[in-house]
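> structure for the following, please:
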Amino acid sequence: MQRKDHQQLWNGIKSDKYEQFWTMNKKLMETSDSDGFISIPFRIYQIDKPFIQKLFRPVSETGKRQTLKDLLEFIFGENSSNLKLILIQGVQPSLDTPVQWLSEHLSYPDNFLHICVK
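Presented below is the predicted three-dimensional model:
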């Protein structure tokens, strides 16, 4: 990202000019149908624990599209099946939802996918 683009992004937020922010942010979030994001930044929030922040590849090395279930197994391993509640933007998505889709449609303005689990 060029310095002027970074400045436009920051000034858009700072001065409540969201159109200016989204014009720049859209460039960061664009993909073609055949390509996805290289990696998706996410944070997982749990009660009484520090948040977990990592990057996750939306496509496996074998070319398979990764799902929310895959992401949770990446973090929690076998314990992922013990999770009772998973929320993203107040929505309880299916575990079969592709992570690429979640990132494109439910990421916050910081482009992170924020996931609450219990």
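> for stretch 63-79, what is the average pLDDT?
Stretch 63-79 shows a mean pLDDT of 96 in the predicted model.
> also stretch 21-35?
On average, stretch 21-35 scores 65.
> distance between the ends of stretch 84-93?
12 Å (Cα to Cα, to the nearest Å).
> which residues touch it?
With contacts defined as Cβ atoms under 8 Å, 6 or more residues apart in numbering, stretch 84-93 is touched by Leu68, Leu72, Leu95, Leu102, Leu106, Leu113, His114, Ile115, Cys116, Val117, Lys118. Every residue, glycine included, has its C-beta placed from N, CA and C.
> likewise for stretch 10-29?
Met1, Asp5, Gln8, Leu9, Glu104, Ser107, Pro109, Asn111.
> quick one: it to chain centroid distance?
18 Å (Cα atoms, centre = their mean, to the nearest Å).
> ditto for stretch 108-118
Centre to centre, stretch against its chain (Cα atoms, centre = their mean), the figure for stretch 108-118 is 6 Å.
> and Thr67, how many neighbours?
Thr67 has 20 neighbours, counted by other Cβ atoms under 10 Å.
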